[in-house]
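1. Next one to model:
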Amino acid sequence: MFLLTGFTGFIAAHIPAHLSALGVARTSILTPPRNELDLAQPAAIPMLLDRLQPRVIIHCAAMRDLMHCEREPELAITVNVHATAALARWCAANAARFIYLSTDQVFDGTRGLYHEDDPRRPINHYGVTKALGEDATRMAPHHTVARIALTLGHTRERTRSPNEFIVSNLRAGKQATLFENEFRTPVLATDAARALAELATMPTAPTTLHVGGPERLSRVEMGLTIARIYQLAEHLCLATRHQPQATGLQRPLDTSMDTSLIRRVCTHPPRPYEKAVRELLAAEPT
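-> Numbering: from 1, shown residues only. Sure, this is the predicted structure:
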């Protein structure tokens, strides 16, 4: 049995299809709703797991809005750390595999192209909670910390993802203000989901893996590529510089990750950015 948390989320929603493509029966994929698996109530988690008896847990659910974590730090610790620890402890006691979705925000952003074993120095509360979640994950002997890069894709709201923000603004004739001093290794949500499905079905998997695309790109470079491929006005992509004092939120500037390992261990690693954007255009909801 494979248990998937956060099933309605950006990445998790795509994982069952990829597991099925790898030969996992749909009846073997458990997706408990939020009212059954409440991360704000970590003490109740082991009872649910005892009943479901999963052999693999892919933990996608999290409190991930940076500002929300700053405003409610204790809740962020409960959801991102204590609930993760409860899942990891159960996996350790029951010889189950545990895959934990972390983030590039565990790095301070001063260097970029971080390797899996580089020191973590988060500079915002969200990053702190995810780093602590990584530590908790390591209680499970069979674990993988999968650090996810900036993720692109289509959402139900059609406004939540970075690509949707750019496309919606440009189509409306509005400027899309983009940071020229923030660098990421962007990845399609569907590509990240496929990699996670592969990890979950491997006989053995890396204990830490960077799940991102092969290129280090600035937010402006991302926006200009989207505008070009979507045939929208490139001049509306307005370059600016991120300044923490203007937003009140510390954001690491360069959390690009070295993603060479995922290209070695996965059959279908995340695609280059231009191919990813062309896929977004081809799969755009009507």
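
2. Could you list the low-pLDDT ranges of the stretch 101-250 of the chain?
-> Residue ranges of the stretch 101-250 of the chain with pLDDT under 70: 244-248.

3. and if we set it to 90?
-> Applying pLDDT under 90 to the stretch 101-250 of the chain flags residues 155-160, 241-250.

4. what about the strands in it?
-> Along the stretch 101-250 of the chain, counting by DSSP state E, counting those that start in this stretch, strands occupy 143-148, 151-152, 176-179, 183-184, 187-188, 208-211, 217-218, 237-240.

5. Could you spell out the sheet neighbours of the third one, each with its direction?
-> It refers to strand 176-179. strand 237-240 (parallel) (DSSP bridges).

6. So which residues of this structure form helices?
-> 15-21, 45-52, 66-71, 73-77, 83-94, 125-137, 162-171, 189-201, 219-230, 244-247, 260-265, 273-282 (DSSP state H).

7. Turn the ones you listed into TSV, including distance to Glu182 and mean neighbour count.
-> C-beta: built from backbone N, CA, C; applies to glycine. Shown next, in TSV, are the helices of the chain (distance: least, Cβ to Cβ, whole Å; neighbours: other Cβ atoms under 10 Å):
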stretch	distance to Glu182	mean neighbour count
helix 15-21	28	19
helix 45-52	35	15
helix 66-71	13	16
helix 73-77	22	16
helix 83-94	27	21
helix 125-137	14	23
helix 162-171	11	19
helix 189-201	19	24
helix 219-230	5	21
helix 244-247	12	9
helix 260-265	22	15
helix 273-282	15	17
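
8. between these, which gets nearest to Ala149?
-> helix 189-201 (8.0 Å; Cβ to Cβ).

9. I would like the residues contacting the closest one, please.
-> 2, 10-15, 17-19, 21-24, 56, 58, 97, 99, 101, 144, 146, 148, 151-153, 161, 205, 209, 211, 213, 262, 266-271, 276, 279 (Cβ atoms under 8 Å, 6 or more residues apart in numbering).

10. Run the chain-centre distance for it.
-> 11 Å (Cα atoms, centre = their mean, to the nearest Å).

11. Figure out which of the helices of the chain is closest to Ser28.
-> That would be, of those and by Cβ to Cβ, helix 15-21, which comes in at 8.2 Å.

12. For the closest one, C-alpha coordinates in CSV please.
-> Listed next in CSV are the C-alpha coordinates belonging to helix 15-21 (Å, rounded to 0.1, in the frame of the first residue of the first chain):
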residue,chain,number,x,y,z
ILE,A,15,1.4,11.1,-8.4
PRO,A,16,-1.3,8.3,-8.6
ALA,A,17,-1.3,8.4,-12.4
HIS,A,18,2.5,8.0,-12.5
LEU,A,19,2.4,5.2,-9.9
SER,A,20,-0.2,3.4,-12.0
ALA,A,21,2.0,3.8,-15.1
